[in-house]
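Peer 1: dropping the sequence and predicted coords here.
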Amino acid sequence: MRYSWNVACEVMRLAPPLQGAFREAITNFVFNGFSIPKGWKLYWSANSTHKSPECFPQPEKFDPTRFEGAGPAPYTFVPFGGGPRMCPGKEYARLEILVFMHNVVKRFKWDKLLPDEKIIVDPMPMPAKGLPVRLHPHKP
Ligand code: HEM
């Protein structure tokens, strides 16, 4: 299910379920010309890294092939964070997502009832009206 996971990753790139999180600087350092003192709280943003054209050419384009081969450079695709505090539920989430996708795709064709439904971020991205769909079983 490599392609399915590439599709799921591309969805999480464009709409990361968690926008980012906080860290504390453990030493003084300079980043992009900004001096960050030890002890400062920092916010790392999955959303802005995922939309950077340097990391992801044509960042607004939905393209699961970005994840083929070696895939994105380390620490550019971070829906589950990175480093020692990276999400410990990543593999469980992957299993759940793939099982869900497999069952929906194998059993149903589906239509969105609200084609232009907006996504609201509060603080997680969610379809504004709960994503109502009509399911059509492949085998009635
Ligand atoms: C699509 C699903 C999920 C996404 C996108 C996600 C994302 C994240 C992110 C971005 C972090 C912060 C990592 C960091 O600070 O570097 C995190 C932390 C965490 N996640 Fe998840 N997560 C998901 C599912 C889960 C599941 C299913 C579980 C448990 C069964 C879980 C448990 C945790 C825990 C306990 C932490 C805190 C880890 C720590 O601070 O050491 N997550 N997750």
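Peer 2: Great, that's in hand.

Peer 1: average pLDDT for the biggest helix by length in the chain?
Peer 2: For the chain, the helix that runs over the most residues, judged by DSSP state H, is helix 90-107. The average pLDDT within helix 90-107 is 96.

Peer 1: just checking, what packs against that helix?
Peer 2: Secondary-structure packing of helix 90-107 (3 or more Cβ pairs under 8 Å, 6 or more residues apart in numbering; DSSP states H and E): helix 2-14. Bear in mind the C-beta positions are built from the backbone N, C-alpha and C, glycine included.

Peer 1: what residues does stretch 116-126 touch?
Peer 2: Identification of contacts with stretch 116-126 by Cβ atoms under 8 Å, 6 or more residues apart in numbering yields 15-19, 127-129, 131.

Peer 1: interface residues of this protein facing the ligand?
Peer 2: Taking Cβ under 6 Å from any ligand atom as the measure of proximity, the chain contacts the ligand at 17-18, 21, 79-83, 85-89, 92-93.

Peer 1: can you select the buried ones from these in PyMOL?
Peer 2: Those of the residues of the chain next to the ligand that count as buried under 16 or more other Cβ atoms under 10 Å are selected in PyMOL with:
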select buried, resi 18+79+80+81+87
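
Peer 1: let's have the contacts of stretch 116-126 in TSV, adding secondary structure and pLDDT.
Peer 2: Formatted as TSV, the contacts of stretch 116-126 follow (DSSP: H, G, I helix; E, B strand; the rest coil; pLDDT from 0 to 100):
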residue	secondary structure	pLDDT
15	coil	92
16	coil	95
17	coil	94
18	coil	93
19	coil	90
127	strand	94
128	coil	96
129	coil	97
131	coil	96
